[in-house]
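Engineer: Got a predicted model here, sequence first, then my questions.
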Amino acid sequence: MPGYRDLSYWMSTVDPPAVPGPALPGDLDVDVVVVGGGYTGLWTAYYLATTAPSTRVAVLEAEICGYGASGRNGGWCSALFPTSLPRLAARYGHQPAVALYRAMQSTVDEVGRVAAVEGIDCHYCKGGTVTLARTPVQLDRARHEVAVARRYGFGPADLDLLDAAGAAARCGAAGVLGGLYTPHCAAIHPARLARGLAAAVARHGVRVYEGTRVRALRPGAVRTDHATVRAPVVVRATEAYTPGLPGYRRVVVPVYSLMIATAPLGPEFWDRAGLAGRETFTDLRHLIVYGQRTADDRLAFGGRGAPYHFGSAVRPGYDREPAVFAALARALAELFPALGPEVPVEYAWGGPLGVARDWCASVGLDRATGLGWAGGYVGDGVGTANLAGRTLADLILGRDTGLTRLPWVGHRSPGWEPEPLRWLGLAAGLRVMAGADAREARTGRPDRWAGAFGRLLGR
């Protein structure tokens, strides 16, 4: 049996331990077949089962539910959406862009509501997010983010500009000049949510088949290693693993994000570090980092920096990059010097997330073919996947709702470039972003190379 406990700190502390359920025994006919047992697939199944119980739904998962990013992420159930308000507004209009962002905010509470109703102990704690500014350039970026938010009607109750004292009161990191605070985020234990959700959908009558690898999907049917599932609606919920399906190689690219978790830290550390409300935290550097105080008083901290692998390859060996883990430990020690020179790292892991070519997540259902999809979350999938699941359920059931009218519904991102252009572009982007913060610290000005690369990617 694969060592699922070794996938992440989260999977190692799931209770009960993650054990694969039954595989698909043979050919099957249902109303909806969902490919992928992560958040997107499970939320879709959940809302179908709870709003239309007579719908026959099957979920097919190659490993175990929560195997991918759903069981390895940073545990931010946030209102973050990978496309900015100005870019959404330029494409779809001011009010549709605002409606999508407001829907993301309400999603944070919806996840907490379902966890409570279904008895899923995922350590949900809505403490918000504090984003630190630790250089003058970063502080300017914080002011700009607030100014943009105000133009779209989001006030201090949605995003507040903090001075140095206000930011430090929430997160006692070193060198803080100011920052941002939003209440629209909850810290969670992501694997507990994924495994608890899988159990909940099974209780509601969904057939969940683990250890069932899908080899191909087409309108009306999904083919596994040994059987075929026929259904008028086929939902692709495979996120970073999408390029492994025939015909989908360039839909998203898998980009790796890695994490570390410390040993439990004592009261004397937390007296300095703060995060008393279990606020999630980050800062305004270009090469993204993210962290949370776990329910058992660890720091779980992650970031980008791992390479993109040629041909959109996804392999277990790519989950662990010692150089990236060491860089994360250094970054954490820089933020919290009280950890000492040797950060007490007990866990290190990683995994791929899905990135669409225009950095815009999407959800939709092609009524002519019955093929549904959602994904391209760029690391913001904990909350976004819930919104996607609710939206897919409404689309499948033919409901015209506020969710089905949101601007990301039916969005089609362009395909990524063929290799080797894809690898060359992403490798260059990683180098640009990795050096941008050092260049800004040296010059005291926003890095133009990082800005240019962001525009190239559609961010």
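Structural biologist: Cool, got the structure.

Engineer: Helices of the chain, start to end?
Structural biologist: In the chain, helices defined by DSSP state H lie at 9-12, 39-51, 85-92, 94-117, 136-151, 164-170, 190-203, 267-273, 322-335, 381-396, 421-443, 448-456, listed in chain order.

Engineer: between those helices, which gets nearest to Tyr181?
Structural biologist: helix 164-170 (6.5 Å; C-beta to C-beta). All C-beta spots, glycine's among them, are computed from the backbone N, C-alpha and C.

Engineer: related to what we said a few turns ago, I'd like the helices of the chain as CSV, with mean pLDDT, mean neighbour count and distance to Gly128 appended.
Structural biologist: Shown next, in CSV, are the helices of the chain (pLDDT from 0 to 100; neighbours: other C-beta atoms under 10 Å; distance: least, C-beta to C-beta, whole Å):
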stretch, mean pLDDT, mean neighbour count, distance to Gly128
helix 9-12, 98, 24, 21
helix 39-51, 98, 27, 21
helix 85-92, 97, 16, 19
helix 94-117, 98, 18, 10
helix 136-151, 97, 16, 15
helix 164-170, 97, 18, 8
helix 190-203, 98, 24, 18
helix 267-273, 96, 13, 16
helix 322-335, 96, 17, 18
helix 381-396, 98, 27, 13
helix 421-443, 85, 16, 24
helix 448-456, 63, 15, 25
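
Engineer: Columns distance to Pro25 on top of the ones you listed, output as a markdown table?
Structural biologist: Formatted as a markdown table, these follow (distance: least, C-beta to C-beta, whole Å):
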| stretch | distance to Pro25 |
| --- | --- |
| helix 9-12 | 26 |
| helix 39-51 | 19 |
| helix 85-92 | 44 |
| helix 94-117 | 29 |
| helix 136-151 | 52 |
| helix 164-170 | 52 |
| helix 190-203 | 16 |
| helix 267-273 | 50 |
| helix 322-335 | 41 |
| helix 381-396 | 25 |
| helix 421-443 | 39 |
| helix 448-456 | 48 |
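
Engineer: Gly21: which of those is closest?
Structural biologist: Using C-beta to C-beta, those put helix 190-203 closest to Gly21, at 7.8 Å.

Engineer: Correct me if wrong: Ser413 contacts Ser362.
Structural biologist: Yes. Here Ser413 reaches Ser362: they are 6.2 Å apart, a contact under C-beta atoms under 8 Å.

Engineer: what do those two both touch?
Structural biologist: Common contact partners of Ser413 and Ser362 (C-beta atoms under 8 Å, 6 or more residues apart in numbering): Ala356, Gly376.

Engineer: residues near Ala348, how many?
Structural biologist: 21 (other C-beta atoms under 10 Å).

Engineer: Just the pLDDT at it, thanks.
Structural biologist: Listed pLDDT for Ala348 reads 98.

Engineer: Report the beta-bridge partners for it.
Structural biologist: With DSSP bridges as the criterion, Ala348 is bridged to Ile260.

Engineer: residues contacting it?
Structural biologist: Leu258, Met259, Ile260, Ala261, Arg320, Phe325.

Engineer: State the distance from it to Ser12.
Structural biologist: Distance check for Ala348 against Ser12: by C-beta to C-beta, to the nearest Å, it reads 12 Å.

Engineer: what's the answer for Trp373, then?
Structural biologist: Distance from Trp373 to Ser12, by C-beta to C-beta: 31 Å.

Engineer: same check, this time on Leu392
Structural biologist: 31 Å.

Engineer: Equivalent analysis for Arg195, please.
Structural biologist: 12 Å.

Engineer: Tell me how many other residues crowd the residue nearest to Gly311 when sequence neighbours are not counted.
Structural biologist: Distances taken as C-beta to C-beta, 6 or more residues apart in numbering place Glu419 nearest to Gly311, at 5.8 Å, with adjacent residues excluded. Neighbour count of Glu419, defined by other C-beta under 10 Å: 13.
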